[in-house]
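**Student:** here is my input; please provide its structure:
(2 chains)
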There are 2 protein chains.
Amino acid sequence: MTYIRTRTRLLISARKLFGSKGFRGASVREITASAGANLGAVTYHYGSKANLYAEVMDRLFDQLATRIEQASATDSAPADRMRAVGAAVFGFFTQAPDVPRLIVHQLSLGTTPPDAILRHVRRILAAVERVVQAGRARGEFRPVEPVLIAFSLMSQSVWFALAGGTIGPAVFPGVDRTVLARKIETHIADVVARALDAGSDSP
Amino acid sequence: MTYIRTRTRLLISARKLFGSKGFRGASVREITASAGANLGAVTYHYGSKANLYAEVMDRLFDQLATRIEQASATDSAPADRMRAVGAAVFGFFTQAPDVPRLIVHQLSLGTTPPDAILRHVRRILAAVERVVQAGRARGEFRPVEPVLIAFSLMSQSVWFALAGGTIGPAVFPGVDRTVLARKIETHIADVVARALDAGSDSP
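**Tutor:** Below you'll find the predicted structure:
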């Protein structure tokens, strides 16, 4: 196994195990075993479990922030740009269902996230802020703190991504998974649009 | 140590350890050691770690559901009743900061919650539904599924309770903790009010 292969396999195994068990729950022994590497491989390639975790989160949040930046940076009306941001978040979580779990595990640690995460959180906040400013400048959005809008969007998206598969079927019995996801995505987009809307009640 | 005392001490230790480490992360050994009981005490008093967990969650969700029911069952206008529900959730999480962590740990398990939780979730949904119906009947709320409103309220409250102490200070540097909590509580209440409001844009 080459140097690069082992590095990559450690990342993939770590992402999977951090996602299912959290940072504390996933042991170096499990990560290396799952990657088919020896026990010292995490230290050799990443220095520590904390660094490996930071690397996993850095990559995922980089992808998420990039998608949000792309969705937000269009010539569309601010309200449509905000809907596109929501769709980008939702789409990312649907494609990579371990990401909301990783985010929630990070939150449950109760510690300040590593810089690798905060750097991308600031990119996300900046992208949302640009859309809010554009809407404010056109008189279409009311004065809401962009940080709070970003939090409303992220909290609901992460929650629905996680609870959709467990509590969802219990409270929406018989509703198809895809229909449920579409229903929820529309709801979150509506909630955020209404939170921002300066004009009539129909955004 | 009496029978009842050990039972209660196990509950207290379990709540603390499940809150900090999650269901999987907290071992029976740690729980019994922290309660000053012998290793067999969990099996003796509760049958299993899963039953002890269900008992902890049953009590907490019972308290949360009771608070929400009380806050929602007043003669006030539906919009005010919904604000009172939000304040009840927020107040409960402020008083018992391990509760949002327990909720998030449960979500991150990716499994259907035990009946002990679902029973109270249904009470919460029913309370929210009664307020939404009252608002609909008076033409003050638009047609939104009560379940989605309850999810919007809970997701944002849990998220803010958890992230407020970690990401909060990073993105609102220098803002006092109490001021930040007030600001966030108002924001969540506004977001939910606007999601429901059928009339003008100023609820």
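**Student:** all contacts plus neighbour counts: C-alpha atoms, from now on.
**Tutor:** Noted.
**Student:** from the contact counts, what lies against the host helix or strand of A:Arg59?
**Tutor:** Element membership for A:Arg59, per DSSP states H and E: helix A:49-72. For helix A:49-72, the helices and strands in contact under the criterion 3 or more CA pairs under 8 Å, 6 or more residues apart in numbering or on different chains; DSSP states H and E are helix A:3-25, helix A:41-46, helix A:78-95, helix A:115-137.
**Student:** repeat the analysis, applying 10 Å as the threshold.
**Tutor:** Contact here means 3 or more CA pairs under 10 Å, 6 or more residues apart in numbering or on different chains; DSSP states H and E; on that basis helix A:49-72 packs against helix A:3-25, helix A:28-35, helix A:41-46, helix A:78-95, helix A:98-109, helix A:115-137.
**Student:** check the offset of the least confident helix or strand in chain A by mean pLDDT from the chain's centre.
**Tutor:** For chain A, the helix or strand with the lowest mean confidence is helix A:167-171, at a mean of 75 (criterion: mean pLDDT, DSSP states H and E). How far helix A:167-171 lies from its chain's middle: 22 Å, per CA atoms, centre = their mean, to the nearest Å.
**Student:** what's the angle from the helix or strand following that helix to helix B:177-196?
**Tutor:** Sequence-wise, the next helix or strand downstream of helix A:167-171 (DSSP H and E) is helix A:177-196. Angle of helix A:177-196 versus helix B:177-196, following axes from the mean of the first three to the mean of the last three CA atoms, to 10 degrees, is 110 degrees.
**Student:** touching chain B at all, helix A:177-196?
**Tutor:** Yes - interface with chain B: helix A:177-196 contributes A:Lys183, A:Ile184, A:His187, A:Ile188, A:Asp190, A:Val191, A:Val192, A:Ala193, A:Arg194, A:Ala195, A:Leu196 (CA under 10 Å from any CA of the partner chain).
**Student:** and which of those is nearest to B:Arg59?
**Tutor:** Closest approach to B:Arg59 among those (CA to CA): A:Ile184, at 29.4 Å.
**Student:** number of nearby residues for that closest one?
**Tutor:** Other residues lying near A:Ile184 total 20 when counted by other CA atoms under 10 Å in any protein chain shown.
**Student:** just the one 5 residues further on next, same as before
**Tutor:** Each residue near A:Ala189 was counted by other CA under 10 Å, and the total is 22.
**Student:** one more: A:Thr178?
**Tutor:** 9.
**Student:** again, but for the one 3 residues further on
**Tutor:** The number of residues packed around A:Ala181, counting by other CA under 10 Å, is 19.
**Student:** one step back: give me whichever of the helices and strands packed on helix A:49-72 is most buried.
**Tutor:** helix A:98-109 (a mean of 23; mean count of other CA atoms under 10 Å in any protein chain shown).
**Student:** check which helices and strands that helix is in contact with.
**Tutor:** Using 3+ CA pairs under 10 Å, 6+ apart, helix A:98-109 is in contact with helix A:3-25, helix A:49-72, helix A:78-95, helix A:146-163, helix B:3-25, helix B:98-109, helix B:146-163.
**Student:** domain boundaries for chain A, per the record?
**Tutor:** A:1-47, A:54-196 (automatic domain parsing).
**Student:** now distance to B:Ile103 too, for these, in TSV please.
**Tutor:** Shown next, in TSV, are the domains of chain A (distance: least, CA to CA, whole Å):
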stretch	distance to B:Ile103
domain A:1-47	15
domain A:54-196	10
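**Student:** hang on, the earlier thing: B:Val158 is nearest to which of the helices and strands packed on helix A:49-72?
**Tutor:** Of the helices and strands packed on helix A:49-72, the one closest to B:Val158 (CA to CA) turns out to be helix A:98-109, at 10.2 Å.
**Student:** tell me the angle of that closest one relative to helix B:3-25?
**Tutor:** 140 degrees.
**Student:** distance from the chain centre to helix A:98-109, please.
**Tutor:** On CA atoms, centre = their mean, the centre of helix A:98-109 falls 9 Å from the chain's centre.
**Student:** please apply the same query to stretch A:137-147.
**Tutor:** 23 Å.
**Student:** residues of it that come out buried?
**Tutor:** A:Glu140, A:Phe141, A:Arg142, A:Pro146, A:Val147 (16 or more other CA atoms under 10 Å in any protein chain shown).
**Student:** and the helices and strands packed on helix A:98-109: which comes nearest B:Pro173?
**Tutor:** Among those, helix A:146-163 sits nearest to B:Pro173 (CA to CA), with 12.4 Å.
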